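Novice: What follows is a predicted structure for the sequence shown.
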Amino acid sequence: MKSPGTRAAAIFSLIALAGVFLACETKKTVSPANPSQENYDLAAELKLLDDTFRIDIETIQVTYDFFPDELQVRGFARLTFKMRPGQSRALIHFDPGWRDNAIDSIALDGEALSYSDSNDVNIREFDGTIQKAIEFERDLAQEGFHLLETSFHLNVQGRYPRFVSEVEDGMGRGNEELFPTINTPHELARHQLTFRIHGGKRYEMVGSGIVESSAAGDVQTWTLDTLRPISSYTVLFALMPKEDVDVGERVINGVPVKMMTYKGTASISAGLDLLEGWLPQLAADFGPFPAPRIGVFLVRSGGMEYYGGTISAMSALKHEIFHNYFGCSCIARTFRDSWWDEGMAHWYVDYNKGTNVVPIAEDFYSNVISGRSPIALGWDARAYEVGAKILQYIGQRIGGAQAVTGFLRHLYETRVFSPFNAMELADDLLSYSGLDLHAQFLRWLYSHEDGPAVPASSLKTFDLTPSGEILKKYQTGLR
C-alpha cells in the first residue's frame with residue numbers, strides 16, 4: 001500500500017510522513033542491555049489464527065445487481081469452504097451484516113438460518129482485534145466442503161454512482177465491506193464476481209484477474225475471475241460511468257494492461273509509458289508478472305496495491321505495482337507482518353535499491369510487530385523505514401544491493417502464495433545466505449520496551465473524488 005514516496009516527491013502528506021520518520025529515528029539505539037521480547041512461538045500463533053478464523057475458503061462467488069440511479073446494490077454470494085483442524089462452527093467477516101443489518105437471507109449447507117435468531121447466528125468479538133465475525137450456530141464436519149449462501153444489500157456512498165473496492169490495508173479494512181470473506185492476509189480463495197449494471201448507462205471497469213464485459217438490453221454485465229486463490233483484500237474492482245473516464249490499453253512485456261482515470265485527472269499515455277520501463281525491470285529481477293493482466297485506476301494522490309492492479313497516483317505507481325510481487329503474491333501471514341512487504345517496496349522503489357539508506361543499528365529495538373496481536377487489523381507505519389533499513393543491513397552483510405535483490409527473487413520463487421511471518425523470513429535468509437538474524441529480528445521487531453506503535457491508518461490513502469465538473473451533473477440530477 002501507499003508508497004511513502006521518494007525523497008524528492010512525497011506521495012502522501014508530508015506531515016504524516018514526518019511523523020512516521022520521526023517515530024523511526026527516535027529512541028532507536030538507547031536500548032536497555034537486554035530488552036525483553038515477545039515469547040515468539042509459531043505453533044501458538046498458528047493455533048490462534050485457526051481458533052480465530054476457523055475456516056478455509058475455496059471459492060467466493062458473488063453476483064451484484066447495481067442500480068446506479070438509486071445508488072443501490074443487491075448481492076448474492078456463495079462461499080465454499082472447509083473447517084480448519086479442531087474447528088466446528090463457521091464464521092465469516094461481512095461488516096455491513098452486523099453494522100448495517102444488510103443481510104436479507106442466509107443458508108448454510110442448504111438450511112435456511114434466521115439472522116435475527118441467536119440460536120442460528122451470533123456476532124463474535126475476539127481479544128486483540130476490533131474486527132467482528134458473524135458466527136453460525138451449527139456444528140459442521142471437518143471432512144469435505146460446506147456451502148454458505150447469502151443475499152444482501154448495500155448503499156453506494158455519496159452521490160456519485162461508482163462501485164469500487166476501497167481497501168485500506170493500513171487499517172486492516174478489506175473487501176469484507178462488500179462481500180462475505182475472511183479478512184486476514186493468509187486466507188486465500190478464488191474470487192468470481194459478476195456485476196450486472198441496470199438502467200442502460202454504460203460503465204467501464206478495471207479489476208483483478210480476467211475482466212470481461214457483455215451487454216443485453218439495458219443491463220451491462222462485467223465478470224471478474226482471479227483464476228487462482230488470492231487474499232480477499234487484494235481483489236480490485238472499479239466500475240465507473242463510461243462517459244466520465246478515459247481508458248487506454250497496451251500489451252507491455254507480454255502483459256495486457258488496461259488503465260483508466262477520470263477525465264482531466266491524469267495522462268493515460270504517461271502511465272502506460274512509465275510501465276513500459278518498469279514491468280521489464282521487475283520481470284528481470286523477480287520473474288514473470290504474477291497476474292494474467294493488469295488493471296490500473298489512476299487518481300490524483302495516494303495508492304493501494306491489489307492483485308493484478310492498483311488504484312494509484314502516478315507518483316506511487318511503481319511502488320504499488322512492485323507490491324504485486326511482494327504483498328499480493330508473496331504474502332504476509334498476518335497484517336502485522338506487512339512490515340516486510342512495505343519495507344521491501346520502500347527499499348527497492350523509493351530508495352532505489354537502498355541508495356542513501358543507513359543500515360539498521362545492531363542495538364536498535366522496536367515493537368513494530370509485538371505492538372500488535374497476530375489477529376489485529378492493520379500494521380505499524382514504521383514498517384517502511386524499519387524494513388528498508390533491515391534490508392540495507394542484510395545487503396551490508398551478504399554483498400550489497402544485487403545480493404539483496406537475489407535473495408528477494410529466491411524468496412518470491414519459494415514463498416509465492418505461501419504466507420509467512422517475520423521469523424520465517426529469518427529462516428529463509430539463513431538457509432539462503434548463511435546469515436542468522438533471528439536474535440536481531442526479535443530485538444528489532446518484537447521488543448516490548450519501544451514507544452507506542454504508529455498506526456498505518458494515519459497515512460493518507462488514495463482519493464477517489466471526481467472533478468467538480470463531473471460531480472456537478474450528478475449533484476444537480478442531470479444524470
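Specialist: Received the coordinates, thanks. Residues are numbered from 1 along each chain as shown.

Novice: how about the helices in the stretch 301-450 of the chain?
Specialist: Here the stretch 301-450 of the chain has its helices, by DSSP state H, counting those that start in this stretch, at 317-322, 339-345, 383-398, 401-415, 422-433, 438-446.

Novice: ok, and which of these has the densest surroundings?
Specialist: helix 339-345 (a mean of 27; mean count of other C-beta atoms under 10 Å). (C-beta placed from N, C-alpha, C; glycine too.)

Novice: what helices or strands is that one leaning on?
Specialist: helix 317-322, helix 383-398, helix 422-433 (3 or more C-beta pairs under 8 Å, 6 or more residues apart in numbering; DSSP states H and E).

Novice: Adding distance to Ser105 and mean pLDDT, write those out as JSON lines.
Specialist: Output for the helices and strands packed on helix 339-345, formatted as JSON lines (distance: least, C-beta to C-beta, whole Å; pLDDT from 0 to 100):
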{"stretch": "helix 317-322", "distance to Ser105": "37", "mean pLDDT": "98"}
{"stretch": "helix 383-398", "distance to Ser105": "41", "mean pLDDT": "97"}
{"stretch": "helix 422-433", "distance to Ser105": "41", "mean pLDDT": "97"}
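
Novice: Those helices into TSV, with extra columns for distance to Trp278?
Specialist: Formatted as TSV, the helices and strands packed on helix 339-345 follow (distance: least, C-beta to C-beta, whole Å):
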stretch	distance to Trp278
helix 317-322	5
helix 383-398	19
helix 422-433	25
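
Novice: what residues are up against Arg190?
Specialist: Glu58, Thr59, Ile60, Asp225, Thr226, Leu227, Arg228, Pro229, Ile230 (C-beta atoms under 8 Å, 6 or more residues apart in numbering).

Novice: repeat that with 6 Å
Specialist: By C-beta atoms under 6 Å, 6 or more residues apart in numbering, Arg190 lies in contact with Thr59, Thr226, Pro229.

Novice: The residue nearest to Gly199 when sequence neighbours are not counted and Pro419, how far apart?
Specialist: Excluding its sequence neighbours, the residue lying closest to Gly199 (C-beta to C-beta, 6 or more residues apart in numbering) is Asp69, at 5.3 Å. Distance of Asp69 to Pro419, computed by C-beta to C-beta, to the nearest Å: 42 Å.

Novice: before we move on, what about Arg336?
Specialist: 13 Å.

Novice: out of the two, which sits in the busier spot?
Specialist: Per other C-beta atoms under 10 Å, whichever of Arg336 and Pro419 has more neighbours is Arg336, with 27 against 19.

Novice: so the more buried one makes contact with Ser373?
Specialist: No. Between Arg336 and Ser373 there is no contact under C-beta atoms under 6 Å: 7.6 Å.

Novice: Now do the single longest helix found in the chain: everything it contacts.
Specialist: Counting by DSSP state H, the longest helix found in the chain is helix 268-286. Outside helix 268-286, the residues that touch it by C-beta under 6 Å, 6+ apart are 246, 248, 250, 252-253, 259, 298, 317-318, 325, 405, 409, 412.

Novice: Thanks a lot, catch you later.
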